[in-house]
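Novice: compute the structure for the input listed below.
(2 chains)
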Amino acid sequence: MKVLSKAKLEAALNKLNDQNEVFVPMQKGPQSGYFTWKSFENGQDELMLDALNVYQSPKNVVLPQTEKMYSIKSQGVEVNIDKTYEDAHPTIIFGARGCDVKGIIAMDDVFLTRGYEDSFYKARRSANTIIANACYEPGANCFCNAMDVNSLDPIGADVILRDAGDGYVWEVKSAKGEAVTALIAELLEEKEAKLPEAKPFTKKVDYTGVAAKLKGMFEHPLWDKLSEPCINCGMCTYVCPSCYCFDIQVKMWGDQGYRFRAWDSCMFEEYSREAGGGNPRGASKERFRQRFLHKLEFFQERYGTPLCTGCGRCIIVCPTDVNIVRIIDAVKEAEINA
Amino acid sequence: MPDQDNKCTCSEQPLVPIIVEVIDIIDRTPDIKSFFVKNIDGNGVPFQVVPGQCAMVSLLPVGEAMISCTWQKEQEYLEFAIKRVGLMTDELHQIEVGQKIGVRGPYGNGFPVDACKGRDMVFIAGGIGLAPLRSFIKYCFKHRADYGKITILYGSRSKADLCFKEELFDLWPKEPNTEVFVTIDNAEAEWDGHVGFVPSYLEEVNPSSNGAIAVVCGPPIMIKFVLKSLEKMGYNDDQVITTLEMRMKCGIGKCGRCNIGSEFICLDGPVYYLKQLRDLPPEW
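Specialist: This next block holds a predicted model:
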């Protein structure tokens, strides 16, 4: 099997970086997330390939937090759109965990299927290669196994890394994977490596039947209780590897500027507020319910898979201890005719 | 669900508007104007629509809003009847003929014009809600033999707020086998027509539910009570059609905000049979 020795990891990242923008999980000052290898500062930043999940998922590589869409020139009655900003520069996500790979695969369904291909997403995604990092020891808040994710063999990965102690087994899964492998061929060694034993998940989550059961629970009183602590801050949606909702806004300097899109959040009141003042989800509880039904019921219904990937980030960052696992449990236990 | 399959003409870049020129603006009511647009070279329009489809109207750089686009047999221009209700529509009401704006679309499924053939049609609208139904009404009159009796019931707050007056009082009542009923909310000196809300007037007029299809659009509160009235009058859930409104940004089922249950109103709607809506969470 092909193995990338850890001693050659930096050399490999440098090599990949020659022709690609390479995003790796790192601790960068107070932030933890996927940052460019180019920005890595020795002695200050820390590579986090061993961590299960850095705080920010790699979704910004294919769906940036803000993304320019097209230019606007506006003078009197004249308006021009001279330029659109589809960005197809080659990128590599290096070391994504299975949950984060699944987040991007779910976004592929949203942006590339059902009638329309989003040209901005398509450009980024088609030039993007995912080098995943298989998980052998799930963390305390991990439950991807319950959410349609195979953390040992993530679907959609172009290469899978397997940590075998002093090196990574390098497993090519696609043509894109072949292409990036060719870039570092001389750094890979052909040898046997002993893979670690996969440890069991400590968090037990049972999602079976939850989507179907939720279909009859829109008006269920449990939403009052579950949503009570939520302050609609939107933290969960920002760290979520699969939350993809966006807003379209404009930035102008005088008569020139551009439209851009930016991550939005169903937690915010303005998100669904209509011009006339009406809002189908004006109350905090209604937005809370929307988020969890979208994750656990609606997306499953439309795309055949849940929109939660079991990464556990929202559980960790929530300032009021809202916990999607407890919500799944509560739905499981709820009496339908209550 | 969609009866038609009109793909966006800007399918390569569905989120980027096409620049068009406003060739005419008509005041419909004190707060509703119709905007007519054409390609900037003066020839034709960027896309054709079927009745009930919408387009994103973009006043650059202010904003974009999803607006019902008026159907015509040969689409020489696109017409958008727009009420002044928010930031973008306020600004739009200030523009003059010659202004360049953006459009993208057409979006959504449109009315099931074929499935309704052979049926008596009952159109019930309030305020600006007549704008989308007007496309379907115009379609019926263009294909008059395909539809049975046509009943149009329309209401607004006041006489001044009645939209499309020429059609309501002059053109439509002259069409064969057609009745038009108009009401306003409160009595006025210059008004000798019916006074009262749409739902109660509808029950008074009581168009037969036998084989008929009712198409409803208006403010949410009107829709709510009209649906109750229709039920009382014997209309089944598969005899009632409505067209929904939600806040939208992308128009192509991606940005997330117009979803109700697993549906995206911009893409899968905005037109639904009541029967379909009953299966969705009651957020419409």
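Novice: what stretches of the stretch 151-300 of chain A score poorly on pLDDT?
Specialist: In the predicted model, the stretch 151-300 of chain A carries no residue with pLDDT under 70.
Novice: helix, strand, or coil at the residue of it found nearest chain B?
Specialist: As assessed by Cβ to the nearest Cβ, chain B sits closest to residue A:275 within the stretch 151-300 of chain A, at 3.0 Å. Yep, even glycine has a C-beta here, placed from its N, CA and C like the rest. Under the three-state scheme (DSSP: H, G, I helix; E, B strand; the rest coil), residue A:275 adopts coil.
Novice: for it, give me its contacts.
Specialist: Taking Cβ atoms under 8 Å, 6 or more residues apart in numbering or on different chains, we find residue A:275 in contact with B:65, B:85-89, B:247.
Novice: okay, now the residue in the stretch 151-284 of chain B that chain A sits nearest to: neighbour count?
Specialist: Closest to chain A within the stretch 151-284 of chain B is residue B:256: 3.4 Å, counting by Cβ to the nearest Cβ. Residue B:256 has 22 neighbours, counted by other Cβ atoms under 10 Å in any protein chain shown.
Novice: and for residue A:336?
Specialist: Neighbourhood size, residue A:336 [other Cβ under 10 Å]: 8.
Novice: ok, now residue B:50?
Specialist: Neighbours of residue B:50 using other Cβ under 10 Å come to 21.
Novice: hmm, back to that, just list the residues touching the residue of the stretch 151-284 of chain B closest to chain A, thanks.
Specialist: A:244-246, A:264, A:266, A:294.
Novice: could you dump the lengthiest strand in chain A to CSV, C-alpha only?
Specialist: Across chain A, the longest stretch assigned as strand under DSSP state E is strand A:66-75. This file holds the C-alpha atoms of strand A:66-75, laid out as CSV (Å, rounded to 0.1, in the frame of the first residue of the first chain):
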residue,chain,number,x,y,z
THR,A,66,-18.9,35.6,1.7
GLU,A,67,-18.5,35.1,-2.1
LYS,A,68,-18.5,37.7,-4.8
MET,A,69,-21.1,36.9,-7.5
TYR,A,70,-21.1,39.7,-10.1
SER,A,71,-20.1,43.3,-10.7
ILE,A,72,-22.5,46.2,-10.9
LYS,A,73,-22.1,49.5,-12.6
SER,A,74,-25.0,51.8,-12.1
GLN,A,75,-25.1,55.3,-13.5
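Novice: if we look at it, which residues are touching it?
Specialist: Residues contacting strand A:66-75 (Cβ under 8 Å, 6+ apart): A:79-85, A:87, A:120, A:248, A:250, A:252, A:255-263, B:15-16, B:60-61.
Novice: what do you get if the cut-off is 7 Å, keeping everything else the same?
Specialist: Strand A:66-75 is contacted from outside by A:79-85, A:120, A:250, A:252, A:255-262, B:15-16, B:60-61, using Cβ atoms under 7 Å, 6 or more residues apart in numbering or on different chains.
Novice: now swap in stretch A:201-221 and tell me
Specialist: Looking at what lies outside stretch A:201-221 - Cβ under 7 Å, 6+ apart - the contacts are A:138, A:140-143, A:145-147, A:293, A:296-297, A:300-301, A:306, A:325, A:328, A:331-332, A:334, A:336, A:338, B:281.
Novice: farthest pair within the contacts of residue B:256?
Specialist: Farthest pair in the contacts of residue B:256 (Cβ to Cβ) is A:246 and A:294. Separation: 14.3 Å.
Novice: who has more neighbours out of those two?
Specialist: Of the pair residue A:246 and residue A:294, residue A:246 is the one with more neighbours under other Cβ under 10 Å, namely 26 against 22.
Novice: got a list of what that one touches?
Specialist: A:261-264, B:255.
Novice: tell me the residues of the stretch 1-150 of chain B that contact chain A?
Specialist: Residues of the stretch 1-150 of chain B lying near chain A by Cβ under 7 Å from any Cβ of the partner chain: B:8, B:12-17, B:19, B:60-61, B:64-65, B:85-86, B:89, B:98-101.
Novice: please pick the buried ones from these.
Specialist: Buried members of these, scored by 16 or more other Cβ atoms under 10 Å in any protein chain shown, are B:8, B:13-17, B:19, B:60-61, B:64-65, B:85-86, B:89, B:99-101.
Novice: can you tell me which of the contacts of residue A:246 is nearest residue B:174?
Specialist: residue B:255 (43.9 Å).
Novice: next, the residue of chain B most remote from its centre: secondary structure please.
Specialist: Going by Cα atoms, centre = their mean, the residue of chain B most distant from its centre is residue B:189, 29.7 Å out. For residue B:189, the assignment made with three-state DSSP gives coil.
Novice: now do residue A:224
Specialist: Classification of residue A:224 using three-state DSSP returns helix.
Novice: number of residues surrounding it?
Specialist: Counted with other Cβ under 10 Å, residue A:224 comes out at 11.
Novice: now swap in residue A:312 and tell me
Specialist: 24.
Novice: correct me, but it touches residue A:141?
Specialist: Yes - in this structure residue A:312 lies within contact range of residue A:141 using Cβ atoms under 7 Å: 3.0 Å.
Novice: now do the same contact list for the closest residue to residue A:106 other than its chain neighbours.
Specialist: In this structure, residue A:106 finds its nearest non-sequential neighbour in residue A:242, 4.7 Å apart by Cβ to Cβ, 6 or more residues apart in numbering or on different chains. Residue A:242 sits next to A:103, A:106-107, A:307, A:309 when contact means Cβ under 7 Å, 6+ apart.
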